[in-house]
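Student: for reference, the sequence and a predicted model appear below.
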Amino acid sequence: MLLGIDVSDYQGRVDWQAVAKSGVSFGVAKASEGQTLVSETFAANWAGMKAAGLVRGAYHFFRPQTDPVAQANTFLRTAKTALGDLPPVLDVEVSDGVGARELNDRIAQWLRVVETATKRQAIIYTSLGFWENALNNSDAFRGHPLWIAQYEVDRPILPGNWSQWVFWQYSDSGRISGVQGGVDVNRFNGPIASLRDFTQGYLWLAQGNRGPLVVALQQKLKRKGFNPGAIDGIFGTATRSALIAFQRSAKLSLTGVADAPTQRALNS
């Protein structure tokens with residue numbers, strides 16, 4: 001498993017070259033919080049991670065009492081993630097007095113805006129205790145990649161009927177060269193090749209797309225009993241027809257686009 005860190009303004013200036021030399025493979029920086037707060041160190045961290053050759057990601061700290069659409073737009077204006085970066089991250093760790101049902105709905109609103117804009121399925125960061133207590137252990141988001149925070153355990157316990165974790169924050173007091181004081185340290189659940197594949201995945205696919213992600217989509221459709229035509233990595237009319245037929249069988253919106261709900265259903 002690979003080592004990574006996540007940082008915010010609390011860490012101040014980070015020497016990402018030193019971080020990379022210490023054996024860290026990826027970093028995630030706080031981009032925004034609530035409706036208006038933009039991290040003062042995000043721009044420097046974003047550029048620094050790339051310059052150091054690290055896989056990089058950006059997260060938004062969710063404030064449930066604030067308009068989730070406005071929050072999503074603040075994140076999108078701040079963090080320009082793309083293929084090669086980690087998918088957007090939603091940090092859900094406070095309820096701010098919002099009840100489970102409304103909190104569930106507001107998380108879904110943020111995800112919908114960000115995923116529609118980026119055409120990628122976002123990562124959800126949370127902890128077991130918070131998810132169980134504040135969200136009644138909701139399983140509404142189990143198809144999203146999970147970043148779980150849990151300390152002093154040999155392996156994390158997963159909330160919300162998630163079957164696996166992608167990232168595990170196992171300490172909030174790690175010591176890493178290039179960072180002053182303690183820092184959150186994390187593991188990625190796989191080797192470096194899988195991490196780099198992960199930065200290329202969770203992409204929405206539509207007619208006209210080409211490449212290995214389309215090959216994987218065509219293979220999944222075929223395994224589900226829907227004929228996409230040739231497995232050639234070209235999203236043409238045959239693949240679109242097969243996708244719509246699958247969406248109809250799964251009672252999904254007939255978009256002809258392999259969006260987040262469709263890809264979750266194909267992976268189930």
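Tutor: Looks like it came in fine.
Student: going forward, measure contacts between C-alpha atoms and count neighbours the same way
Tutor: OK.
Student: how about the helices in this structure?
Tutor: Along the chain, counting by DSSP state H, helices occupy 16-21, 42-51, 68-78, 100-118, 128-134, 192-200, 212-223, 237-249, 260-267.
Student: thought N136 was touching N104, still the case?
Tutor: No. With contact defined as Cα atoms under 8 Å, N104 does not reach N136; the gap is 9.6 Å.
Student: between the two, which is the more surrounded one?
Tutor: Ranked by neighbour count (other Cα atoms under 10 Å), N104 and N136 place N104 first, with 19 against 16.
Student: quick check: the gap between that one and W131.
Tutor: Separation of N104 from W131 (Cα to Cα, to the nearest Å): 10 Å.
Student: pLDDT below threshold where in the chain?
Tutor: Where the chain drops to pLDDT under 70, the residues are 201-203.
Student: domain-wise, how is it divided?
Tutor: 2-200, 212-267 (automatic domain parsing).
Student: wait, which of those is closest to A206?
Tutor: Comparing these by their distance to A206 (Cα to Cα), the top pick is domain 212-267, with 4.8 Å.
Student: endpoint to endpoint, the closest one covers what distance?
Tutor: Using Cα to Cα, the two ends of domain 212-267 sit 16 Å apart.
Student: how far does that domain sit from its chain's centre?
Tutor: Relative to the centre of its chain, domain 212-267 is centred 22 Å away, using Cα atoms, centre = their mean, to the nearest Å.
Student: do stretch 145-161 as well
Tutor: Relative to its parent chain, stretch 145-161 has a centroid offset of 15 Å by Cα atoms, centre = their mean.
Student: ok, Q180 - contacts?
Tutor: Contacts for Q180 (Cα atoms under 8 Å, 6 or more residues apart in numbering) come out as 11-12, 14.
Student: list the buried residues for stretch 61-74?
Tutor: Judged by neighbour count (16 or more other Cα atoms under 10 Å), stretch 61-74 contains these buried residues: 61-64, 68-69, 71-74.
Student: again, but for stretch 125-139
Tutor: Going by 16+ other Cα under 10 Å, stretch 125-139 has these buried residues: 125-131, 134-138.
Student: got it, and stretch 233-243?
Tutor: For stretch 233-243, by 16+ other Cα under 10 Å, it's 233-236, 238-243.
Student: returning to what we had before: may I see the domains of the chain organised as JSON lines, with distance to A206 added?
Tutor: Formatted as JSON lines, the domains of the chain follow (distance: least, Cα to Cα, whole Å):
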{"stretch": "domain 2-200", "distance to A206": "10"}
{"stretch": "domain 212-267", "distance to A206": "5"}
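Student: re earlier: filter the contacts of Q180 down to the buried ones.
Tutor: By 16+ other Cα under 10 Å, the contacts of Q180 give V14 as buried.
Student: Throw the contacts of Q180 into JSON lines and include distance to N45, thanks.
Tutor: Below are the contacts of Q180 laid out as JSON lines (distance: Cα to Cα, whole Å):
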{"residue": "Q11", "distance to N45": "11"}
{"residue": "G12", "distance to N45": "10"}
{"residue": "V14", "distance to N45": "7"}
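Student: tell me how far N104 lies from S95.
Tutor: 10 Å.
Student: if you could redo that for T78, that was the one I meant.
Tutor: Counting by Cα to Cα, the gap from T78 to S95 is 23 Å.
Student: can you check P228 too?
Tutor: Going from P228 to S95 by Cα to Cα gives 44 Å.
Student: looking at these two, which is more packed in?
Tutor: Using other Cα under 10 Å as the criterion, P228 and S95 rank with P228 on top: 24 against 19.
Student: and the residue nearest to T36 when sequence neighbours are not counted, what does it touch?
Tutor: Closest residue to T36 apart from its sequence neighbours, by Cα to Cα, 6 or more residues apart in numbering: T74 at 6.6 Å. Listed by Cα under 8 Å, 6+ apart, the contact partners of T74 are 32, 35-36, 38.
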